[in-house]
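Peer 1: pasting the sequence and the predicted coordinates here, then a few questions.
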Amino acid sequence: MYDNAMPSIYFSDEHVAFRQTVRAFIQKEVTPNIQDWEDAGRLPRSLYKKAAEIGLIGVIYPEELGGSAGDLFMHVVATEEISRAGSGGVSASLGSHTIGLPPLVKHGSDHLRQTYAVPVIAGEKIAALAVTEPGGGSDVAALKTRAVRDGGHFVVNGEKTFITSGMQADVITVAVRTDPGARGSGGISFLAVAGDTPGLERTELTKMGWWASDTAHLSFNDCRVPVDNLIGVEGGGFQAAMLNFNNERLSMAAQAYTMADVCYREALAWAQERQAFGKPLAQQQVIRHKLVDMAAQIDVARTLTYDIVWRYMNQMDPLQIHVARTSMAKVTATNALKFCADEAVQILGGMGFMRGTASERIYREVKVMTIGGGTDEVLKNLAASQLGI
Amino acid sequence: MKVLVPVKRVIDYNVKVRVKADGSGVDLANVKMSMNPFDEIAVEEAIRLKEAGKADEVIAVSIGVKQSQETLRTALAMGADRAILVIAADDVHTDIEPLSVAKILAKIVEEEQPGVVLCGKQAIDNDMNATGQMLSALLGWSQGTFASEVDIDGDTAKVTREVDGGLQTLSVKMPAIITVDLRLNEPRYASLPNIMKAKKKPLDEKTAADYGVDVTPRLEIVKTVEPAERAAGIIVGSVDELVEKLKEAGAV
């Protein structure tokens, strides 16, 4: 499989150079520590600082906020190389700003950008996004958390759950209903809520996978949030959430096919080493075919994702087509992950069932990838509606 | 003070090297290339000199094929101020020999008048370990090789060298050629903001002819072979058996 180590129609010299930087950084600063972080259930704050120093947090954000204003392919490079560590928890928590921060950077006031975005981009604060509630996830229009205006504040009450980086986050971009009278997608707004707001309670959730990432249930009990912390216009939250989801799905596609590639490489190395019936596993036809099927699925998902990014950057398609293809790419990539994690554990045999292989960990992280950021079922419905089916 | 840092584009140290079918060398077509790791250490040291206020400009220079400009961009992204690319070959398989490199560097030193030249002790492709020493001889400058610590103070530099018996410290007169060893420092990552800035830094393109140096090879590669494959091992059943086998092999 090719490695994007050289420039192509998608990647310039700068993309290649940054890929090299991130790869070296991950090998040195992340890979040796993954097990400790998985055991601790969270990433150390020092990692965010170190990541910020190489520009890994600020990839796509504007230069005036300390970012690098990189293009979408630079974001793909960063996402792929973080995922190469083979820990979805590392990708999820180190990357929680990629869902928490963009609404604030795009639509927030200068005050909000300076107060929250700048320190997150500098690796000094952690950002999270809180949309999902106990009563509903992908159906964003049904959310119930309310924010009621009281003088210079919104008073927030409600519950959010499955919130990535929710235990550690210093700033949480929370989707709330600001207009109780409006039904459905109207009346939804985003608020930037400081982590130390009185009345905010956090409960840690334990999970099947993503152990290196902290996940929280958040309760908002009469939390007083300054009206200045409203992101963008009141009632404009639904549209912002949808666009945000689309970028999240693109990132998750890149994460999924890269993690699938980690499984493929681990299985391949094992199959070339392990002897059975007088020859390496990789020389047994049934195993060779499995490996080729894995490589093919990874290649399909990756090529589709690159094409979507390229056509988006070159403004080739109407937004509906882009949204539909992004949904399809996420499903395609997570299907590749599902297949590759399963086959990798099968090829690794007993080793694949043991703690310590990347495939064992990734196998436990397949389901969150087919559920988070929009379930397969929701994404297919979305693609169908966008394609006019 | 200006610091000149020569950097070489070499096969990436992660790449599994393959010998060309005709044995004339190593296959470099479509292979990932990077900056020689010892040169990265030299670039890092030069940038630290600048950060410490002991140098005001860091100039990276590379001599080889046009693609060496990627290596120079890496040096610029790490923090070098400007770069000079000397194109001396068209084919990526052509290695410019140390004497030719040293002659070109000597001309650049005359032009740029740096206070110190920081080089990697050797390049990981051919392991010649010669360019720095030859440059020192051509210029008549002092040299400190295999540096694990460098302390420049006005007219002299204290260079600590890793030698067989331990550490040796030399005091060398400036200007000097210092070749750096593995433990001198840990090179920084080229950060994304600096990779973007490096695009705008000046990179001069020259040819070997501009310096009047003939780079025709003087050495002939007779043969290149893969290292011998490791023979299969055996699994011993006990410590006693291990000791016995080691005795048989004359290892203990």
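Peer 2: Thanks, I have it. Values in this document were obtained by computation on a predicted structure and should not be read as measured data.
Peer 1: who are the contact partners of the closest residue to chain B within the stretch 51-200 of chain A?
Peer 2: Taking Cβ to the nearest Cβ, chain B has its nearest neighbour within the stretch 51-200 of chain A at A:G55, 2.9 Å off. Glycine gets a C-beta too; all of them are placed from N, C-alpha and C. For A:G55, the contacting residues are A:18, A:68, B:191-195, by Cβ atoms under 8 Å, 6 or more residues apart in numbering or on different chains.
Peer 1: of those residues, just say which sits nearest to B:A80.
Peer 2: Distance to B:A80 across the contacts of A:G55 (Cβ to Cβ) is lowest for B:N194, with 10.3 Å.
Peer 1: contacting residues for the closest one?
Peer 2: Listed by Cβ under 8 Å, 6+ apart, the contact set of B:N194 reads A:55, B:77-79.
Peer 1: same question, A:G187
Peer 2: A:G187 is in contact with A:177-181, A:235, counting by Cβ under 8 Å, 6+ apart.
Peer 1: how near is it to B:V213?
Peer 2: To B:V213, A:G187 is 75 Å away according to Cβ to Cβ, to the nearest Å.
Peer 1: go on, B:G237?
Peer 2: Distance, B:G237 to B:V213, using Cβ to Cβ: 64 Å.
Peer 1: between these two, who's got more neighbours?
Peer 2: Per other Cβ atoms under 10 Å in any protein chain shown, whichever of B:G237 and B:V213 has more neighbours is B:V213, with 21 against 8.
Peer 1: what about the more buried one, which SS state?
Peer 2: Classification of B:V213 using DSSP: H, G, I helix; E, B strand; the rest coil returns coil.
Peer 1: wait, it touches B:S100, no?
Peer 2: Yes. Contact between B:V213 and B:S100 holds when scored by Cβ atoms under 8 Å: they sit 6.0 Å apart.
Peer 1: the closest residue to chain B within the stretch 251-389 of chain A pairs with what?
Peer 2: Residue nearest to chain B within the stretch 251-389 of chain A: A:Q275 (11.2 Å; Cβ to the nearest Cβ). Following DSSP bridges, A:Q275 is listed with bridge partners A:P280.
Peer 1: what about it, distance to A:Q283?
Peer 2: For A:Q275 relative to A:Q283 (Cβ to Cβ), the value is 10 Å.
Peer 1: which of those two has more neighbours?
Peer 2: Per other Cβ under 10 Å, whichever of A:Q275 and A:Q283 has more neighbours is A:Q283, with 14 against 9.
Peer 1: continuing past the helix or strand hosting A:A296, what's the next helix or strand?
Peer 2: Secondary structure assignment for A:A296, by DSSP states H and E: helix A:285-313. Next along the chain after helix A:285-313, taking DSSP H and E as the criterion, comes helix A:319-348.
Peer 1: hang on, A:A276 packs against A:Q284?
Peer 2: Yes. Using Cβ under 8 Å, A:A276 makes contact with A:Q284 at a distance of 6.8 Å.
Peer 1: residue 115: how many residues sit nearby?
Peer 2: All of this refers to chain A. What A:T115 shows, counting by other Cβ under 10 Å, is a neighbour count of 18.
Peer 1: my question was about chain B
Peer 2: Neighbours of B:G115 (other Cβ under 10 Å): 18.
Peer 1: next one: B:V225
Peer 2: Other residues within reach of B:V225, judged by other Cβ under 10 Å, total 7.
Peer 1: and for the residue of the stretch 151-252 of chain B at minimum distance from chain A, the neighbour number?
Peer 2: Using Cβ to the nearest Cβ, the single residue of the stretch 151-252 of chain B nearest to chain A is B:L192, 2.9 Å away. Around B:L192 there are 27 other residues, counting by other Cβ under 10 Å.
Peer 1: wait, what's in contact with it?
Peer 2: Applying Cβ under 8 Å, 6+ apart, the residues near B:L192 are A:18, A:21, A:54-56, A:58-59, A:68, A:70, A:74.
Peer 1: of these, closest to B:V10?
Peer 2: Distance to B:V10 across the contacts of B:L192 (Cβ to Cβ) is lowest for A:T21, with 18.1 Å.
Peer 1: now that closest one: which helix or strand?
Peer 2: helix A:13-25.
Peer 1: returning to what we had before: which of the contacts of A:G55 are buried? Put it as a ChimeraX command.
Peer 2: Buried residues among those (16 or more other Cβ atoms under 10 Å in any protein chain shown), as a ChimeraX selection:
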select /A:18,68 /B:191,192,193,194,195
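Peer 1: tell me the SS of A:D196?
Peer 2: At A:D196 the chain is in coil, as set by three-state DSSP.
Peer 1: residues contacting the nearest residue to B:Q69 once chain neighbours are set aside?
Peer 2: The spatial neighbour of B:Q69 that comes closest, neighbours along the chain excluded (Cβ to Cβ, 6 or more residues apart in numbering or on different chains), is B:L85 at 5.2 Å. Contacts for B:L85 (Cβ under 8 Å, 6+ apart) come out as B:61-62, B:66, B:68-69, B:72, B:203-206.
Peer 1: check B:A198 too.
Peer 2: Going by Cβ under 8 Å, 6+ apart, B:A198 touches B:73, B:76-77, B:190.
Peer 1: got the phi/psi numbers for it?
Peer 2: The phi/psi pair for B:A198 (degrees, to the nearest 10) reads phi -60, psi -30.
Peer 1: residue 217: how many residues sit nearby?
Peer 2: In the absence of a named chain, this looks at chain A. For A:H217, the number of neighbouring residues by other Cβ under 10 Å comes to 17.
Peer 1: I was after chain B.
Peer 2: Look at B:P217: counted by other Cβ under 10 Å, it has 11 neighbours.
Peer 1: may I see the buried residues of stretch A:135-144?
Peer 2: Across stretch A:135-144, burial judged by 16+ other Cβ under 10 Å covers A:137-138, A:140, A:143.
Peer 1: could you dump those residues to CSV with secondary structure and pLDDT?
Peer 2: Shown next, in CSV, are those (DSSP: H, G, I helix; E, B strand; the rest coil; pLDDT from 0 to 100):
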residue, secondary structure, pLDDT
A:G137, coil, 74
A:S138, coil, 71
A:V140, helix, 78
A:L143, coil, 89
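Peer 1: most widely separated two among those?
Peer 2: Taking Cβ to Cβ as the measure, the buried residues of stretch A:135-144 span a maximum distance of 11.0 Å, between A:S138 and A:L143.
Peer 1: please list the residues of the stretch 51-200 of chain B that sit near chain A.
Peer 2: B:70, B:73-74, B:77, B:189-196, B:199 (Cβ under 8 Å from any Cβ of the partner chain).
Peer 1: how about 10 Å then?
Peer 2: B:69-70, B:73-74, B:77-78, B:186-199 (Cβ under 10 Å from any Cβ of the partner chain).
Peer 1: which ones are touching B:N126?
Peer 2: B:N126 is in contact with B:8, B:10, B:25-26, B:95, B:97-98, B:219, B:221, counting by Cβ atoms under 10 Å, 6 or more residues apart in numbering or on different chains.
Peer 1: what's the closest non-adjacent residue to residue 72?
Peer 2: Unless you meant another one, I'm taking chain A. Of all residues not flanking A:L72 in the chain, A:V309 sits nearest, at 5.0 Å (Cβ to Cβ, 6+ apart).
Peer 1: oops, chain B please
Peer 2: Using Cβ to Cβ, 6+ apart, the nearest residue to B:L72 is B:A83, at 3.9 Å.
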